[in-house]
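Participant: just a sequence and a predicted model for now, questions to come.
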Amino acid sequence: MSNNKTIKSALISVFSKDGLEPIVKELSAQGVTVYSTGGTEKFIKDLGIAVVPVEDVTSYPSILGGRVKTLHPKVFGGILNRQNNETDVAELVDFDIPQIDLVIVDLYPFEKTVASGATHQDIIEKIDIGGISLIRAAAKNYADVVCVSSVEDYSEFLELLQNKKGETSEADRKRFASKAFNVSSHYDSAIFNYFNADHEIATLKVSEMNGKVLRYGENPHQRGFFFGNFDDLFTKLHGKELSYNNLLDVDAAVNLIHEFKGEAPTFAILKHNNACGFAQRDTVHQAYVDALAGDPVSAFGGILIANTEIDKATAEEIHKLFCEVVIAPSFTEDALEILKGKKNRILLILHEIDFPQTIVRSCLNGVLVQDRDIKTDQVEDLTYATNNKPQSSELEDLIFASKICKHTKSNTIVLAKNKQLCASGTGQTSRVDALNQAIHKAKSFNFDLNGAVMASDAFFPFPDCVEIADNAGITAVIQPGGSIKDQLTIDYCNENNLAMVMTGTRHFKH
């Protein structure tokens, strides 16, 4: 038995009229009776198309300044009746309720209103009541009714309308119903999150309408998806599709370079979410050259990012390296021509954006949520813990190293000199191991650590790290402090003429 239905009547009530005209004209051409109200009714009339006012069906006017228009049994009865139910059909006749086969709704733009900085009252007025009710009713009764719930679906529906002459299958209607419940659930989540902005109710509502299937997840045997509007952050100029791992590295790169926004030309090279090369110089070309010198081995297949425009000279150097992604606020035309020489190399322009203020990650059978670490260590935050105070150049290097340390996997130690990353120990189970790894790596690339500085993401429970650093030639240290044995570390620094400052802020990153 066929479950196909032919659309003979439609209720249309939309906020945005964009893209509606061809649908209305096609419905009219197919002899569909159209019901509408308010601005949508006027829009249809102005097209010269016959439309029945909802008020003529309900015998009740739009009231309360338009807050109540379609909330009436004669409207919802027409949508919710089961056409294979004899009692429902009989009641439609008894109460003179018209059958409605199609509902087209576009909700009030609640999220856009919130984002615009509108007043609380204006935001409240953009909470759609009638529209969301129509969507839920039509989607629930997908066995008989088609529900088009978003401007995004107009093209698909128009194609269906034209190709099948108004006939829909149950699979068609169920697909549109799924879209409709996606719209309604997202809409309600946005409203809840607005009202619960202070997180007084410990409930998590995450809804993202933009989704993309990735080639695979972290490994080829895992499925992968990205949910978010990538185009809000970047303009993709060239290259292959970004992978799951690319996206993780890009996220790490963008967060790291943001610490150096507006500063002198700065270049970072990342691998597996950690900086393996980093430098700040007078030119972006020199910044790249010195960043690469930090670890030219790990840089292979890495993610490159600059805080300023990439020019031809820099592009020529980058082109010698196999890298997955290059990110910058802009590229000169001749730089782009060079970098596009590798067909798979991904080139991204980074836009001005506001980062989400919360971090969400899966954990056990649930999720963990925390505030983003927006604290950046500044000179004015420092406590000078030792008798020997850092020189001005050391102080600049300490803040430089601290920013990198904040965005490196714990446990971590970062060694820097003259605003260049010498090496870092990343993701180690002990701070001593992280430091030894960093020293070994720096020496393997011929860095002279005499006069270098050391940054730690967390406090030193014992003075062993400052002793190892001292023996390697390091002269200044930045760390959060807070250990019950801080004094032991301070005493060692004082006895050996090391300068140490404390930030009071830990920057674990797991």
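Facilitator: Arrived safely.
Participant: and the spatially most central residue of the chain, how far from residue 356?
Facilitator: Residue closest to the average C-alpha location in the chain (C-alpha atoms, centre = their mean): residue 228, at 5.0 Å. In this view, residue 228 and residue 356 are 9 Å apart by C-beta to C-beta, to the nearest Å. Any C-beta I mention is one placed from the backbone N, CA and C, and that applies to glycine too.
Participant: residue 510 now?
Facilitator: Counting by C-beta to C-beta, the gap from residue 510 to residue 356 is 18 Å.
Participant: can you check residue 236 too?
Facilitator: 21 Å.
Participant: those two - which one has more neighbours?
Facilitator: More neighbours surround residue 236 than the other of residue 236 and residue 356, with 13 against 9 (other C-beta atoms under 10 Å).
Participant: pLDDT score for the more buried one?
Facilitator: Confidence at residue 236, expressed as pLDDT, is 96.
Participant: got it, and residue 496?
Facilitator: 97.
Participant: is it correct that it is in contact with residue 469?
Facilitator: No - using C-beta atoms under 8 Å, residue 496 is not in contact with residue 469; the gap is 10.0 Å.
Participant: neighbour-wise, which of the two wins?
Facilitator: Remark: of residue 496 and residue 469, residue 469 carries more neighbours, 28 against 16, as counted by other C-beta under 10 Å.
Participant: tell me which element residue 103 is part of?
Facilitator: Assigned by DSSP states H and E, residue 103 falls within strand 102-106.
Participant: same thing with residue 421?
Facilitator: strand 421-425.
Participant: after that strand, which helix or strand is next?
Facilitator: helix 431-444.
Participant: packing partners for that following helix?
Facilitator: On a contact count with 3 or more C-beta pairs under 8 Å, 6 or more residues apart in numbering; DSSP states H and E, helix 431-444 meets strand 413-416, strand 421-425, helix 464-472.
Participant: going by neighbour count, list what's buried in the last one.
Facilitator: If I follow you right, that is helix 464-472. Neighbour-count burial for helix 464-472 flags 464, 465, 466, 468, 469, 470, 472 (criterion: 16 or more other C-beta atoms under 10 Å).
Participant: do stretch 86-98 as well
Facilitator: 92, 97, 98.
Participant: need the residues you listed in CSV with pLDDT, can you?
Facilitator: Below are these laid out as CSV (pLDDT from 0 to 100):
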residue, pLDDT
92, 87
97, 89
98, 93
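Participant: could you dump these to CSV with secondary structure and distance to residue 262?
Facilitator: Shown next, in CSV, are those (DSSP: H, G, I helix; E, B strand; the rest coil; distance: C-beta to C-beta, whole Å):
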residue, secondary structure, distance to residue 262
92, helix, 66
97, coil, 64
98, coil, 62
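Participant: contacting residues for residue 255?
Facilitator: Counting by C-beta atoms under 8 Å, 6 or more residues apart in numbering, residue 255 makes contact with 355, 407.
Participant: where in this protein is pLDDT low?
Facilitator: Residue ranges of the chain with pLDDT under 70: 1-2.
Participant: hmm, 80 instead?
Facilitator: 1-2, 59-71 (pLDDT under 80).
Participant: longest helix anywhere in it?
Facilitator: Ordering each helix of the chain by length in residues (DSSP state H) puts helix 170-195 first.
Participant: that one: how far from the chain's middle?
Facilitator: Distance, stretch centre to chain centre, for helix 170-195: 20 Å (C-alpha atoms, centre = their mean, to the nearest Å).
Participant: can you put the helices and strands packed on helix 431-444 in JSON lines and add distance to residue 196?
Facilitator: Converted to JSON lines, the helices and strands packed on helix 431-444 look like this (distance: least, C-beta to C-beta, whole Å):
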{"stretch": "strand 413-416", "distance to residue 196": "38"}
{"stretch": "strand 421-425", "distance to residue 196": "39"}
{"stretch": "helix 464-472", "distance to residue 196": "43"}
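Participant: which non-adjacent residue is nearest residue 420?
Facilitator: Distances taken as C-beta to C-beta, 6 or more residues apart in numbering place residue 279 nearest to residue 420, at 4.4 Å, with adjacent residues excluded.
Participant: over to residue 155?
Facilitator: residue 19 is the one closest to residue 155 (C-beta to C-beta, 6+ apart), at 7.4 Å.
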